[in-house]
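> please find the sequence and the predicted model below.
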Amino acid sequence: MLKVGLTGGIGSGKTAVSTLFKNLGIPVIDTDVIAHDLVSSNQAVLKKIVDTFGQNILADKTTLDRKKLAQIVFNKKENKRQLENILHPEIRNEVYRQIQKYDSNDTPSHYIIIVIPLLLETGFREIVDRILVVMADEKVRIKRVKQRDKRSLDEIQSIIANQVDDKKRLNEADDIIENDSDFKELESQVLQLHKKYMHLSTAAK
């Protein structure tokens with residue numbers, strides 16, 4: 001089963017792209033969803049985060065205030081590294097578990113999409129066979145995030161500054177989706193890649 005790592009900067013449209021693949025019947029593993037579930041349902045992981053960053057990152061006794069944590073993490077690289085050290089081993093284990101689950105189906109999919117926003121910033125490169133980068137102009141991305149998350153411009157720029165730049169993404173990409181246009185154009189690009197991945201998977205067998 002071909003493993004395609006889907007990545008891109010904040011606001012580039014990774015969720016829209018992964019949803020289009022899902023609508024084509026392709027399994028999608030999303031590391032953001034895994035991370036969200038970990039801090040919501042795994043008390044041991046939440047305790048490690050609270051022990052590292054303090055009680056003030058909690059909205060109540062058992063719920064993480066993600067915005068407060070984001071402010072702490074994106075203001076200092078050492079904080080970001082500490083959070084990654086807690087979450088990434090757990091996320092990696094869950095990704096492998098889900099890959100194994102999809103691969104052991106009676107009729108496994110030809111390929112799988114693994115959404116990894118920080119694929120190039122972390123050690124997740126070894127998990128995937130190909131890298132698909134979603135690109136969008138930075139002004140477009142900032143506008144999308146403002147509308148979606150109600151974040152301030154300073155917050156968004158801080159997040160962007162903590163991610164690799166577009167040049168690095170393009171250098172690492174096997175495939176690219178340009179997401180500055182309308183939804184129909186996005187659908188068309190996903191469909192073309194779907195055909196390509198189906199062909200690559202079949203040819204590899």
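Cool, got the structure.

> show me what counts as buried in stretch 159-178.
159-160, 162-163, 166, 169, 173, 175-177 (16 or more other CB atoms under 10 Å). The C-beta positions use only the backbone N, C-alpha and C, and glycine is treated the same way.

> now do the SS call for Ser109.
coil (DSSP: H, G, I helix; E, B strand; the rest coil).

> under the pLDDT cut-off, which ranges of this protein? List them.
For the chain, applying pLDDT under 70 flags the ranges 205.

> which helix runs longest in it?
For the chain, the helix with the greatest residue count under DSSP state H is helix 77-103.

> off-centre distance for that helix?
Distance, stretch centre to chain centre, for helix 77-103: 11 Å (CA atoms, centre = their mean, to the nearest Å).

> how about that helix: buried residues?
Buried residues in helix 77-103 (16+ other CB under 10 Å): 79-80, 82-84, 86-88, 90-92, 94-95, 98-99, 102.

> nearest to Val4, of those?
Ile99 (11.7 Å; CB to CB).

> which ones are touching the closest one?
If you count contacts by CB atoms under 8 Å, 6 or more residues apart in numbering, Ile99 has them with 1, 3, 29, 112, 114, 127.

> so what's the fourth one closest to, chain neighbours aside?
By that I understand Ile112. Nearest non-adjacent residue to Ile112, counting by CB to CB, 6 or more residues apart in numbering: Pro27, 4.8 Å away.

> distance of the spatially closest residue to Phe124 that is not a sequence neighbour from Ile34?
Among residues not flanking Phe124 along the chain, Ile116 sits closest, at 4.9 Å (CB to CB, 6+ apart). Note on Ile116: its distance to Ile34, by CB to CB, to the nearest Å, is 10 Å.

> follow-up on the earlier one: how far away is the residue nearest to Phe124 from Leu191?
22 Å.

> give me the number of residues near Lys143?
By other CB atoms under 10 Å, 14 other residues sit near Lys143.

> in a helix, it, correct?
Yes. Remark: Lys143 belongs to a helix, assigned using three-state DSSP.

> excluding its backbone neighbours, what's nearest it?
That would be Gly11: by CB to CB, 6+ apart, it lies 7.8 Å from Lys143.

> what secondary structure does the one you found sit in?
Per three-state DSSP, Gly11 ends up coil.

> ok, it touching Met135?
No. At 11.2 Å, Gly11 does not count as touching Met135 under the criterion of CB atoms under 8 Å.

> and the two? Which one has more around it.
A direct count of neighbours by other CB under 10 Å for Gly11 and Met135 places Gly11 higher, at 26 against 18.
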